[in-house]
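Engineer: Pasting a predicted model and its sequence here:
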Amino acid sequence: MSERSGEKESFWEKIQWIDTRILYLLMWVVVIWPLISPINLPIGIGRESKEYYDVIKEIPPGSKVVLSYDMSFSGLPELGPMSIATLHQLLGMDVKVYICAFWNQGSNIAADDIEALNPEVNYGKVYGVDYIHIGYNPRSEVGMTQFASDVYTAFPNDFINNRPLGTYEIMEGVQTAADFDVLISIESGTPGSSEWVRQWVQPYGIPFLVGALGVSVPGVAPYKNAGQIVAFIAGLRSAAEYELLAGRPAIAIAQQDPLSTTHVLVILFVIVGNLGYFFTRQERARRSG
Amino acid sequence: MLEAVGPWLTALFILCIFSFTYKENPWFRFAESTYLGTAVAYSIGFDLNWLLNQWNTIWSLTATKILMFSFALLVGLLWYFRFSREYFYLYRIPLSIGVGTYIGLSLRTMVFAQFLVQIRATFIPLVAETAFDTLNNVLIFVMVLSVLLYFYFTMEHRGPLKYTAVIARYTMMAGFGSAYGNTVMTRMTLFIGQVRNLMAHLPSFALFTIVILGSLLLRDYMLKPKGTSVTTPVASD
């Protein structure tokens, strides 16, 4: 830079080399400020969230729904609100819910969601009769294939009581993927939608819904476009909309204000950075010309 | 008592990791190493539990199953020859089985799920029911064709291909921009989530901020060469 070549740096050059710690500090400020003093920006309902909610709402009574927690703790801020709201909506319906996980941390997150919702008290549902946590399978896509061909070899015991699956009433008449009616995956990455599409959607034609991280949208959207995914929500924004629709306003809604303020800040960073680049180039051209 | 320790540890480790934004430091390295250790132990524990359940519920029931399970375990143990110079080749046996199984299972439906169905999804009517859908379909048609032609390297991008290459470039730029926007949202959400965690436990947040930031500033002050001011690292150009 010019300072190193002995010339005085211009304002726009300085802007380009601003200490990143100042940017981080600004980020802290714009997150903490709306958390302390909420702005309560309005939340409109998007088409995708409405579709996701409606598809679940229209699942026929008595259906068997697989809800897979394919996520890690790091994905919790975005996926946590989706998973608990989805479980809330499912428990409020007359369907059987089979919770599983292909990410080891997902099985604990699912157990936490069950504990938080307390289905026995709040929904009148009985564990092993109306819903079950069939546990974790470590074998990724191979595990999904195994799950599709024989539930009991993929998940020998349930997660909560560590009892053989076959001893639960809810497992009557369940053997393969063909015995389930709907598949929902709340996912952080791989294994996730691609693997489910390959091992469950394509061979068995099961309706598939996805809750994904915002960063996964470019990977998931083509499956939605091709009809392999019936509905999907992605990111904290969709999670907040879905929380509203599912009638369980919680964390995602509370985080909408800081999400907006941080985005405004990032947009400002991008604008200032580009202006700095543009004007620096102009100045250099002027100096050399 | 134990329940109270959880939030304090959470606050400590979040701030240790965030301290990296100031600069690389021992707090960060401590949290990073602890996380790696616990994450590996957690995964091993879960996987062993699954294996134990497999044994108890399925594979210990008949002599044939016991034999099959033992054989699988022996093949699995061959992974450890990865650390032997002399018998290194043995580790390739479980590796080949794993790779072969995975590729076989994926390829079984990949051609349909991720190739044919995706192509079919672009066969859409150019004139749709609404003007918006028509525009959408035309854009999909033009952009998909342009991007495919962009990666057709047999011919130079001249003549008509020059124009499709421009459209393809803009299409991909729009795609990358969209991906970047979504990435920003995800990263910000992670940050907001952790800040909310910290705000929920204000005493530990305040205490550890003072301890970590204070120790880093003190270290900078102590290590400062006499007669100079503390300098901040500047990204190299």
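Structural biologist: Great, that's in hand. Residues are numbered from 1 along each chain as shown, chains lettered A, B, ... in the order given.

Engineer: A:Ile160: what's it in contact with?
Structural biologist: By C-beta atoms under 8 Å, 6 or more residues apart in numbering or on different chains, the residues touching A:Ile160 are A:Ala111, A:Ile114, A:Tyr127, A:His133. For the C-beta atoms, the positions are set from N, CA and C on the backbone; glycine is no exception.

Engineer: What residue in chain B comes nearest to chain A?
Structural biologist: B:Gly193 (2.7 Å; C-beta to the nearest C-beta).

Engineer: wait, that residue sits on A:Gln255?
Structural biologist: Yes. Between B:Gly193 and A:Gln255 there is a contact under C-beta atoms under 8 Å: 7.2 Å.

Engineer: Domains in chain A, by residue range?
Structural biologist: Per the record, chain A has its domains at A:11-37+A:256-288, A:47-254, by automatic domain parsing.

Engineer: any idea which of the ones you listed is most buried?
Structural biologist: Of these, the one with the most neighbours on average (mean count of other C-beta atoms under 10 Å in any protein chain shown) is domain A:47-254, at a mean of 20.

Engineer: how far does that one stretch from start to finish?
Structural biologist: With C-alpha to C-alpha, to the nearest Å as the measure, domain A:47-254 spans 21 Å from end to end.

Engineer: chain center to that domain: distance?
Structural biologist: 11 Å (C-alpha atoms, centre = their mean, to the nearest Å).

Engineer: Chain neighbours aside, what residue packs nearest to B:Trp50?
Structural biologist: The shortest distance from B:Trp50 to any non-neighbouring residue, by C-beta to C-beta, 6 or more residues apart in numbering or on different chains, is to A:Pro138 (5.5 Å).

Engineer: do B:Ser178 as well
Structural biologist: A:Pro218 (6.6 Å).

Engineer: Just the element for that neighbour, please.
Structural biologist: helix A:217-225 (DSSP states H and E).

Engineer: Equivalent analysis for B:Met188, please.
Structural biologist: Secondary structure (DSSP H and E) places B:Met188 in helix B:160-200.

Engineer: per-residue pLDDT, the residue of chain B closest to chain A?
Structural biologist: For B:Gly193, the model assigns a pLDDT of 91.

Engineer: got it, and B:Glu3?
Structural biologist: Listed pLDDT for B:Glu3 reads 75.

Engineer: ok, and what's touching whichever strand or helix holds it?
Structural biologist: Assigned by DSSP H and E, B:Glu3 falls within helix B:2-18. If you take C-beta under 8 Å, 6+ apart as the criterion, helix B:2-18 is touched by B:27-28, B:30-32, B:34-35, B:194, B:197-198, B:200-201, B:204-205, B:208-209, B:212.

Engineer: at 6 Å instead, please
Structural biologist: B:Trp27, B:Phe28, B:Ala31, B:Gln194, B:Leu198, B:His201, B:Ser204, B:Phe205, B:Phe208, B:Ile212 (C-beta atoms under 6 Å, 6 or more residues apart in numbering or on different chains).

Engineer: quick one: the helix or strand just after that helix to chain centroid distance?
Structural biologist: Later in the chain than helix B:2-18, the nearest helix or strand by DSSP H and E is helix B:26-54. Offset of helix B:26-54 from its chain centre (C-alpha atoms, centre = their mean): 17 Å.

Engineer: Nearest spatial neighbour of A:Ser68, chain-adjacent residues omitted?
Structural biologist: A:Ser185 (4.5 Å).

Engineer: Need the three-state assignment for A:Ile233.
Structural biologist: Under DSSP: H, G, I helix; E, B strand; the rest coil, A:Ile233 falls in the strand class.

Engineer: count of residues packed around B:Ile83?
Structural biologist: To be clear, residue B:83 is Phe; Ile isn't right here. Neighbourhood size, B:Phe83 [other C-beta atoms under 10 Å in any protein chain shown]: 9.

Engineer: How about the contacts made by residue 208?
Structural biologist: No chain in the question, so chain A it is. Neighbours of A:Phe208 in contact, by C-beta under 6 Å, 6+ apart: A:Leu183, A:Val201, A:Ile229.

Engineer: that's the wrong chain, I meant chain B
Structural biologist: By C-beta under 6 Å, 6+ apart, the residues touching B:Phe208 are B:Ala11, B:Leu12, B:Leu15.

Engineer: any idea how far it is from B:Leu216?
Structural biologist: 12 Å (C-beta to C-beta, to the nearest Å).

Engineer: Check A:Leu87 too.
Structural biologist: 42 Å.

Engineer: Look up phi and psi at A:Val97.
Structural biologist: A:Val97 adopts backbone torsions of phi -110, psi 130, taken as degrees, to the nearest 10.

Engineer: likewise A:Ile59?
Structural biologist: Recorded main-chain torsions at A:Ile59 are phi -60, psi 130, according to degrees, to the nearest 10.

Engineer: Let me know the pLDDT of it.
Structural biologist: pLDDT, A:Ile59: 98.
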